[in-house]
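# Okay, predicted coordinates and the sequence, questions at the end:
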Amino acid sequence: MNAEDFWSNQDAAQKVIKEMKGNRAAIEPFLAVEKELEDVETLYLMGKEAADQATIDEADHLLYRVEKDYLKVELQALFNGPHDMSDCYVQIHAGAGGTEACDWTSMLFRMYLKYWEKQPDGKGGQGWDVSEVDRTDGEQAGIRSITLMVKGPYATGIMNCEVGVHRLVRISPFDSNARRHTSFASVDVTPVFEGENDDIVIPENDLEIIAFVRASGPGGQNVNKVASAIRITHKPTGIQVVCTSERSQVQNRVLALNLIKAKIQKLEEAKRDAELYKLYGEKGEISFGSQIRSYVMDDRRVKDHRNGHEVFQPERILDGDLQEFIDAQLRFKATGKKETE
């Protein structure tokens, strides 16, 4: 980066900067833990030499904190996918269950928002940058589908742990007879390939681009309209993207096309990578028998069917306290062993 001609090739420079940020994100937490451990050792030796039990106790307390930091670094080392460090698009779709499923989709959206708010931003602060790309509200309540751009350290690697069908079982607030209902929603993740899909050229004949008027939210005749909405369909693959977040048609077209390219690149990589293909196809049907995790409210438990992790505080998980499920899935991917084994 200190070379005189470093910025002469902008694309190459951006790739180097991205690599540098990735290396820094991987190395700096390890160096920080190493420094903390040295400080603990120094403090302990000082207490031992002075026969000061208070200092020794302080060193013991700091060691406990270092141990927790080390576990975080250890899990972070499991983010070894080619795009784990990238920002990502997150899509949540309602499945079987009608209004119930739309309400469940909005609950998942809220859960992830609260989780993202708690994540370190990589700049010494807290909270990831989240923006809405497209949203379709349910006819009566909730969200039919939503697409978000999520920017944060290891966003793709973390959110890939959530890809699949999520199942909710509860006494329905929409059922006058208070019966037990089961709802489904799917989560899908696509990395943001910054500058990497610029070389992807899609023939115009392969694209169907439609501009249309889109209501900004549920309501009657007086609902605000968005005239700049864009829908792009890639005919050979059937991939479809809708973008309504920007004010101009041109901006929505650019964003939608970038997302189409990202999905095509992900699909091409999936064909070459069996593990990625498995992840991409994990979502399957958004209905019975395909769930990765169940949230059973009347039984007060949340269980991940892939790795066996289970907790009995569903409200806490739905309030965004999700990290233990992320960690459990990372460990399962690394070892192939469920927690019950």
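Yep, it's here. Numbering: from 1, shown residues only.
# Tell me where the model's unsure across this protein.
For the chain, the stretches with pLDDT under 70 are 194-199, 214-227, 272-289, 340-341.
# in stretch 234-242, what's buried?
For stretch 234-242, burial by neighbour count (16 or more other Cβ atoms under 10 Å) applies to His234, Ile239, Val241, Val242. All C-beta spots, glycine's among them, are computed from the backbone N, C-alpha and C.
# can you pull out the strands in the stretch 201-341 of the chain?
Along the stretch 201-341 of the chain, the segments classed as strands by DSSP state E, counting those that start in this stretch run 207-215, 225-234, 239-243, 291-296, 301-304, 310-311.
# Tabulate those strands (CSV), appending distance to Gln119.
Output for these, formatted as CSV (distance: least, Cβ to Cβ, whole Å):
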stretch, distance to Gln119
strand 207-215, 31
strand 225-234, 30
strand 239-243, 25
strand 291-296, 20
strand 301-304, 20
strand 310-311, 20
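# between those strands, which one is nearest to Phe6?
strand 239-243 (34.2 Å; Cβ to Cβ).
# which helices and strands does that closest one pack with?
The contact analysis (3 or more Cβ pairs under 8 Å, 6 or more residues apart in numbering; DSSP states H and E) places strand 239-243 against strand 129-137, strand 143-151, strand 225-234, helix 249-272.
# mind redoing it with 6 Å?
Applying 3 or more Cβ pairs under 6 Å, 6 or more residues apart in numbering; DSSP states H and E, one finds that strand 239-243 makes contact with strand 129-137, strand 225-234, helix 249-272.
# Other residues contacting the shortest one?
Just to be clear, that refers to strand 129-137. 116, 143-151, 218, 242-245 (Cβ atoms under 6 Å, 6 or more residues apart in numbering).
# now do 8 Å
With contact meaning Cβ atoms under 8 Å, 6 or more residues apart in numbering, strand 129-137 is reached by 89, 102, 113, 116, 121, 143-152, 217-218, 241-245, 255, 259.
# what angle sits between that strand and helix 249-272?
Interaxial angle of strand 129-137 relative to helix 249-272 (axes from the mean of the first three to the mean of the last three Cα atoms, to 10 degrees): 100 degrees.
# Strand 129-137 pairs with which strands, parallel or anti?
strand 143-151 (antiparallel) (DSSP bridges).
# And the next helix or strand past the strand it pairs with?
Sequence order places helix 155-159 as the next helix or strand after strand 143-151, per DSSP states H and E.
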